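Engineer: sequence plus predicted model, see below.
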Amino acid sequence: QVQLQESGPGLVKPSQTLSLTCTVSGGSITSGGYYWTWIRQHPGKGLEWIGYVYHSGNAYYNPSLKSGAAISVDTSKNEFSLRLSSVTAADTATYYCARVSRISGNYCFDSWGQGTLVSVSS
Amino acid sequence: IQVTQSPSSLSASVGDRVTITCRASQSIGTFLNWYQQRPGEAPSLLIYSSSTLQSGVPSRFSGSGSGTDFTLTISTLQPEDFATYFCQQSFSTLSITFGQGTRLEI
């Protein structure tokens, strides 16, 4: 059974870049035709999809995001990463990585990491 | 595409039958998924493609709907079902959106 684990700093200063990594275990990031995604949840709020990446490196992002997001993949390490530039306090959230299953055109998130809280503060 | 859940919160008792609804701002076929999030945990997939139960999910959970109106039903509430539930649409795969959540309380 695939497992995902987020890692990265829990505190980032405003205007700096937030960087998180998701390590995938129990399966190869290149198999199964899955996408790999980042989702965040502001404190006490709902879920916001950030974007997803394929093992080829092709990535797609939520057009509603104000901060510049970049998702990359490192197949040699079986991990994928999120970079969010020029962060503000509004980027304070719990960040989840997850696997995207594509079933007859429907995209659902069937495995999730435990989440990591990132606070943006000076 | 916006998805609106109702109610935003709901009080119920063990053994009750509960229904949560999700309405999309345009027709999305059956590209609608449901998640459960217990406090302090990550969300987990309950139902995908409107009505298909994810492996390992108890049969007291069911989903239905197509187009713009969808429902999640829990037939007989168990103590572990008190959580927050989210719907998510993937009709627009480059603009995936979630409902705002329904908090199910005892």
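Structural biologist: Arrived safely, thanks for sending. Residues are numbered from 1 along each chain as shown, chains lettered A, B, ... in the order given.
Engineer: for the nearest residue to B:Val18 once chain neighbours are set aside, give me its contacts.
Structural biologist: With sequence-adjacent residues excluded and distances taken as C-beta to C-beta, 6 or more residues apart in numbering or on different chains, B:Val18 is closest to B:Ile74, at 4.7 Å. Where C-beta positions appear, they are placed from N, C-alpha and C, glycine not excepted. Applying C-beta atoms under 8 Å, 6 or more residues apart in numbering or on different chains to B:Ile74 gives the contacts B:Arg17, B:Val18, B:Arg60, B:Phe61, B:Asp81.
Engineer: quick check: beta-bridge partners of B:Ile74?
Structural biologist: Per DSSP bridges, the residues bridged to B:Ile74 are B:Val18, B:Phe61.
Engineer: and it, how close does it get to B:Thr19?
Structural biologist: Distance of B:Ile74 to B:Thr19, computed by C-beta to C-beta, to the nearest Å: 8 Å.
Engineer: please apply the same query to A:Trp36.
Structural biologist: For A:Trp36, the distance to B:Thr19 - C-beta to C-beta - is 33 Å.
Engineer: same check, this time on B:Ser51
Structural biologist: 14 Å.
Engineer: next one: A:Val24
Structural biologist: A:Val24 sits 36 Å away from B:Thr19, going by C-beta to C-beta.
Engineer: which one of these two has more residues nearby?
Structural biologist: A:Val24 (22 against 13; other C-beta atoms under 10 Å in any protein chain shown).
Engineer: pretty sure the more buried one contacts A:Lys77?
Structural biologist: No. Assessed by C-beta atoms under 8 Å, A:Val24 is found out of contact with A:Lys77, at 9.2 Å.
Engineer: all set now, cheers.
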